[in-house]
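Engineer: Give me a 3D structure for the following:
(chains A, B, C and D)
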4 protein chains.
Amino acid sequence: MPPDATSDAPAPFRERLRIVIFEADTRAGKAFDVALLISIGLSILAVMLESVPEINTEHAALLRRAEWGFTALFSLEYALRLYSVPQPLRYARSFFGVVDLLSILPSFISLFLPGAQSMLVIRSLRLLRVFRVFKLARFLGEANILLTAMRASQHKIGVFLGTLSIMIVILGTLMFLVEDKATGFTSIPQSMYWAIVTMTTVGYGDIVPQTVTGQLLASVVMMTGYAIIAIPTGIVTAEIVAAARGPITTRTCAHCVSEGHAADALYCKDCGESLTGE
Amino acid sequence: MPPDATSDAPAPFRERLRIVIFEADTRAGKAFDVALLISIGLSILAVMLESVPEINTEHAALLRRAEWGFTALFSLEYALRLYSVPQPLRYARSFFGVVDLLSILPSFISLFLPGAQSMLVIRSLRLLRVFRVFKLARFLGEANILLTAMRASQHKIGVFLGTLSIMIVILGTLMFLVEDKATGFTSIPQSMYWAIVTMTTVGYGDIVPQTVTGQLLASVVMMTGYAIIAIPTGIVTAEIVAAARGPITTRTCAHCVSEGHAADALYCKDCGESLTGE
Amino acid sequence: MPPDATSDAPAPFRERLRIVIFEADTRAGKAFDVALLISIGLSILAVMLESVPEINTEHAALLRRAEWGFTALFSLEYALRLYSVPQPLRYARSFFGVVDLLSILPSFISLFLPGAQSMLVIRSLRLLRVFRVFKLARFLGEANILLTAMRASQHKIGVFLGTLSIMIVILGTLMFLVEDKATGFTSIPQSMYWAIVTMTTVGYGDIVPQTVTGQLLASVVMMTGYAIIAIPTGIVTAEIVAAARGPITTRTCAHCVSEGHAADALYCKDCGESLTGE
Amino acid sequence: MPPDATSDAPAPFRERLRIVIFEADTRAGKAFDVALLISIGLSILAVMLESVPEINTEHAALLRRAEWGFTALFSLEYALRLYSVPQPLRYARSFFGVVDLLSILPSFISLFLPGAQSMLVIRSLRLLRVFRVFKLARFLGEANILLTAMRASQHKIGVFLGTLSIMIVILGTLMFLVEDKATGFTSIPQSMYWAIVTMTTVGYGDIVPQTVTGQLLASVVMMTGYAIIAIPTGIVTAEIVAAARGPITTRTCAHCVSEGHAADALYCKDCGESLTGE
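Structural biologist: Below you'll find the predicted structure:
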């Protein structure tokens, strides 16, 4: 909760409500979150089952009722969140605020646009709250390390993906030129789809080269895809190693100019001088 | 063997038996373990062969007899283990104790529930004892490094798998919405199964997108699966590097008892005291 | 731009033109590059659409016109580049110079050799200029780290690929010997193609072993391919970690001019002289 | 060449012959090796082409003649190697000695056992000599780093593969129990084959689960295979990082007990004391 939010003191009830709904530290708050997670899981399950023809034909009515029940429940919860939080707009614009809204809209949309209720699975995003319930801090810490690594490596990944896309365009076109149209390489986009399927080593096998030259080229594509997986892995690994080790090489001792001090070091590990200049 | 176990001195015979059965250091103990491993391997082979129709029809009787022979043998061994070990309950509740029991039960169950004997392959878990026979210490050491790395990275892996599952739910649903039902995306669970097959780059090809939008979305799924493999790899690698680099936190400052000093630190990074005691 | 190029001062107009076309720092230069990237993207899109039968039959004329329009545009641009740059030959022989030429030739070739215009996708290579437009320096920096890692690991990768190829030859031949010709292993090259498809874990499934020995051998091939992916990954990761950790060899001892001192070294590891100049 | 070999001085001609055949430093020696590599490549190509039905039917005679020509050539070379090397037995028992013999035997075997000549591809192993021709030292250096990493991680890999095999046995059996026999899971070994195909993310798609429980279990198998690839990768990467960095943490300064000295360090990088005790 932002400092300036504490200034306008909320009514004790609203505050207690807020603590129950938003915090997971109190017993009530934890119980609420657990119940919420369970009902989210059930609602997603209902949506999935509804999409299975044989099940839907039997329990259509039941599933519809369940869906609307959960939607009503989550709508009420959303309203309470808006009511209890000191700054409704800030919550509404937050990631979870948007997700909470998106996870009730599809039901209403489905009134005019049948089938839209499938999008209710967006509710699964709400399950991310699970990390809030138990050992919040640690999980967020781990997640942060991952996010730091991701952010730190995004440019390298960008360079990698850019080059990869261009390779896919060119290799796909080459296959389109050398391969027989009858074997599925009917157009350049189709061949590019094949190149992606092959380079990522997914290999469905719905489109496969038949000609000798095509198989030779395909072998090159496979070896490439098999080898370059090393690049993103290497990038992310290096970043995670760095992120886990913490920013270690940025600090230099003013006295013995030694480097490699831990992020939380107060004194030089080589000469014992103070690093904080005190 | 726990210290308190030595208090009630076991009869010399029981003790000798225990050493033969449980230890692998003596010649007799090693011979016993090797014989045990071989018979375990043979019994598993028998179970497998029994599952092959053409073989079973011919040698059904022989295989059944072999199976019961091994079961009798292992039951006897289990009894001897219970008899020889000072604290039978502790053994029975240990990992190997449970495995030893589970590896004889299916035969008896199969008397009432035909086909259950296939579960005898659980005996393969007993093969883990192989690491005990030769160079026990080193292998356990290596295994410990792996376990340490696993345990250290379990939270990051948890965050990763959680996010992955949510992606699978949402991407699977999107495919279910855009793809033609005729092409195998008959329900959300089915589409999620496809999403898993694709994201893990397994790519059976039993369900493949046909529409252009479907193939576009599939390409995104593939690229994602191809790229994010880097994350668990990076996590585990970082941990193994750390675990292999050795305990960086063993050094404690005698003055301020702070930990986490680098391997080459000369002075405490928190209070500036000498770590080398000079 | 090379120093000696500044000697023969170009006409102000040519110079201004050069800055617009070749640099991305000025507003005009940035606008030019962005417009160029967009038109490149559109031209590639046109080539792709032209390769799709159902689309081409409808808008054949339109697409041809678009293609020739872009070709004319890029030809003009190429001419301007040659005109504005102080040393035309040096540009023409540079990577981008060759790419710029290759990306207009196919259109003219297609006059005599129908279908050649598909090779216009080579234009996609020009998209690499995208890294020039925004945050040039950083991206090049990242790219350099990747290139450094690639170059540093090329010998290891060479050893790896050499060994891999030999394994593919031998394993492919073994499969050819043990497997039934009817199941697709019609010749050694065909079996080698299968070995590549399997080792790279692509696994199309168009050729699969049927005999027991064949499946056993295939399992070995798969496990090998699954395990050795670790090798290129390890190589590249190690290099990226090293490249990211920064130049460990920049520090030179003033006394014995030896290099390769650790980042936190205080004294020369070869002659014991102080590296900090104290 | 071992020191004691120099004791019995070989005849000048034999010695010159040996240098030409075994060394690649002299012009003649290099020329010989290059010619050898080319003829090996051609002979392998001949064997491959012979295995292609349509080609063999046409040029059967030619290919046979080529094969026997190469076999004669390599037999002569083998004889010369035995003659020129001071210790024939030592060479004959060495890796390359065995390979050289194996690469001529199949032709003679094929006289009694048709089809055996396919095994001539074993000659491809001789191509490993390619590393000897150019930049020998560096390549061997790189190869050594890889070998060191492999050897250092073999125990971890052993633990990993052992656990993996047991998982494959158990998961394969579970699939055999839950899946319909009609869908290809006809026996435990067959299901284990499927488990390997799936865990290694190869995914041929020749055997795929159809039942819901089967697909659930398969999803677990895939996620497992997708996740645990991180383990061997992490192991090898850690070892390569270590091998590339060299044994860095084993040396401790007797004066300031600092660690982390480079393998070739003569003086402590922290206090400048001699590490060699001089």
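
Engineer: so which strand or helix has the closest residue to A:R126 other than its chain neighbours?
Structural biologist: Excluding the flanking residues, the one nearest A:R126 by C-beta to C-beta, 6 or more residues apart in numbering or on different chains is A:I40, at 5.1 Å. Where C-beta positions appear, they are placed from N, C-alpha and C, glycine not excepted. Counting by DSSP states H and E, the element that carries A:I40 is helix A:27-51.

Engineer: Spatially nearest residue to the residue most central in space within chain A (excluding sequence neighbours)?
Structural biologist: When chain A is reduced to its mean C-alpha position, the closest residue under C-alpha atoms, centre = their mean turns out to be A:L125, at 8.7 Å. For A:L125, the nearest residue in space outside its immediate sequence neighbours is A:V99; the separation is 4.7 Å by C-beta to C-beta, 6+ apart.

Engineer: Do you know the pLDDT at that neighbour?
Structural biologist: Here the pLDDT value assigned to A:V99 is 87.

Engineer: returning to what we had before: OK, contacts around the residue nearest to A:R126?
Structural biologist: Going by C-beta atoms under 8 Å, 6 or more residues apart in numbering or on different chains, A:I40 touches A:123-124, A:126-127.

Engineer: Tell me how far A:A149 lies from B:I109.
Structural biologist: In this structure, A:A149 lies at 49 Å from B:I109, with C-beta to C-beta, to the nearest Å as the measure.

Engineer: err, A:V241, not the other one
Structural biologist: Taken as C-beta to C-beta, the span from A:V241 to B:I109 is 49 Å.

Engineer: For these two, indicate the residue with more neighbours.
Structural biologist: Just comparing A:V241 and B:I109: by other C-beta atoms under 10 Å in any protein chain shown the higher neighbour count belongs to A:V241, 23 against 14.

Engineer: Is there contact, residue-wise, from whichever strand or helix holds that one to chain C?
Structural biologist: Per DSSP H and E, A:V241 falls inside helix A:230-245. Yes - with C-beta under 8 Å from any C-beta of the partner chain as the criterion, chain C is reached by helix A:230-245 at A:230-231, A:233-235, A:237-239, A:241-242.

Engineer: Could you dump these into JSON lines with pLDDT added?
Structural biologist: Compiled in JSON lines, the residues of helix A:230-245 next to chain C are given as follows (pLDDT from 0 to 100):
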{"residue": "A:A230", "pLDDT": "84"}
{"residue": "A:I231", "pLDDT": "84"}
{"residue": "A:T233", "pLDDT": "86"}
{"residue": "A:G234", "pLDDT": "84"}
{"residue": "A:I235", "pLDDT": "83"}
{"residue": "A:T237", "pLDDT": "83"}
{"residue": "A:A238", "pLDDT": "81"}
{"residue": "A:E239", "pLDDT": "80"}
{"residue": "A:V241", "pLDDT": "75"}
{"residue": "A:A242", "pLDDT": "74"}
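
Engineer: What about those, which one has the most neighbours?
Structural biologist: Neighbour counts for the residues of helix A:230-245 next to chain C (other C-beta under 10 Å) peak at A:T237, which has 34 neighbours.

Engineer: Excluding sequence neighbours, find me the nearest residue to that one.
Structural biologist: Spatial nearest neighbour of A:T237, chain neighbours left out: B:G234 (3.9 Å); criterion: C-beta to C-beta, 6+ apart.

Engineer: ok, the one you found - contacts?
Structural biologist: In this structure, B:G234 makes contact with A:149, A:233, A:236-237, A:239-241, judged by C-beta under 8 Å, 6+ apart.

Engineer: go with 10 Å
Structural biologist: For B:G234, the set of contacting residues under the criterion of C-beta atoms under 10 Å, 6 or more residues apart in numbering or on different chains consists of A:146, A:149, A:153, A:232-241, A:243-244, B:153, B:156, C:237, D:230, D:233-234, D:237.

Engineer: Now the contacts of A:I40 in CSV, please, with extra columns for pLDDT, neighbour count and secondary structure.
Structural biologist: CSV is the format used below for the contacts of A:I40 (pLDDT from 0 to 100; neighbours: other C-beta atoms under 10 Å in any protein chain shown; DSSP: H, G, I helix; E, B strand; the rest coil):
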residue, pLDDT, neighbour count, secondary structure
A:R123, 80, 25, helix
A:S124, 80, 22, helix
A:R126, 79, 23, helix
A:L127, 78, 17, helix
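
Engineer: ok, the residues you listed vs A:L80, which is closest?
Structural biologist: For the contacts of A:I40, the minimum distance to A:L80 (C-beta to C-beta) is 14.8 Å, reached by A:R126.

Engineer: Report the mean confidence score over the longest helix belonging to chain A.
Structural biologist: Of all segments of type helix in chain A, defined using DSSP state H, the longest is helix A:136-178. In this model, helix A:136-178 has an average pLDDT of 78.

Engineer: where does chain A dip in pLDDT?
Structural biologist: Counting by pLDDT under 70, the ranges of chain A that qualify are A:1-11, A:131-143, A:244-278.

Engineer: how is it carved up into domains?
Structural biologist: Domains of chain A are assigned by automatic domain parsing as A:5-135, A:152-243.

Engineer: right, so of those domains, which gets closest to B:P88?
Structural biologist: Using C-beta to C-beta, the nearest of these to B:P88 is domain A:5-135, at 36.7 Å.

Engineer: got the residues of the stretch 1-150 of chain A near chain B?
Structural biologist: Taking C-beta under 10 Å from any C-beta of the partner chain as the criterion, the stretch 1-150 of chain A approaches chain B at residues A:44-45, A:47-56, A:115-116, A:118-128, A:130-131, A:135, A:138-147, A:149-150.

Engineer: Are any of these buried, and if so which?
Structural biologist: Burial of those was assessed by neighbour count (16 or more other C-beta atoms under 10 Å in any protein chain shown); the buried members are A:44, A:47-52, A:55, A:116, A:118-128, A:130-131, A:139, A:142-143, A:145-146, A:149-150.

Engineer: Briefly note if the host helix or strand of A:I196 comes near chain D.
Structural biologist: Take DSSP H and E as the rule and A:I196 turns out to sit in helix A:188-199. No - Helix A:188-199 lies apart from chain D when judged by C-beta under 10 Å from any C-beta; the minimum separation is 11.5 Å.

Engineer: In CSV, please show the C-alpha coordinates belonging to the helix or strand immediately after that helix in the chain.
Structural biologist: From helix A:188-199 onward toward the C-terminus, using DSSP H and E, the following helix or strand is helix A:212-228. What follows is helix A:212-228, C-alpha atoms only, in CSV (Å, rounded to 0.1, in the frame of the first residue of the first chain):
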residue,chain,number,x,y,z
VAL,A,212,17.1,-35.7,-51.6
THR,A,213,18.0,-32.0,-51.8
GLY,A,214,15.1,-31.3,-49.5
GLN,A,215,16.3,-33.8,-47.0
LEU,A,216,19.8,-32.5,-47.2
LEU,A,217,18.6,-28.9,-46.5
ALA,A,218,16.3,-30.2,-43.8
SER,A,219,19.3,-31.9,-42.1
VAL,A,220,21.1,-28.5,-42.1
VAL,A,221,18.0,-26.9,-40.6
MET,A,222,17.8,-29.6,-37.9
MET,A,223,21.5,-29.4,-37.0
THR,A,224,21.2,-25.6,-36.8
GLY,A,225,18.1,-25.8,-34.5
TYR,A,226,19.7,-28.4,-32.4
ALA,A,227,22.9,-26.4,-32.0
ILE,A,228,21.5,-22.9,-31.5
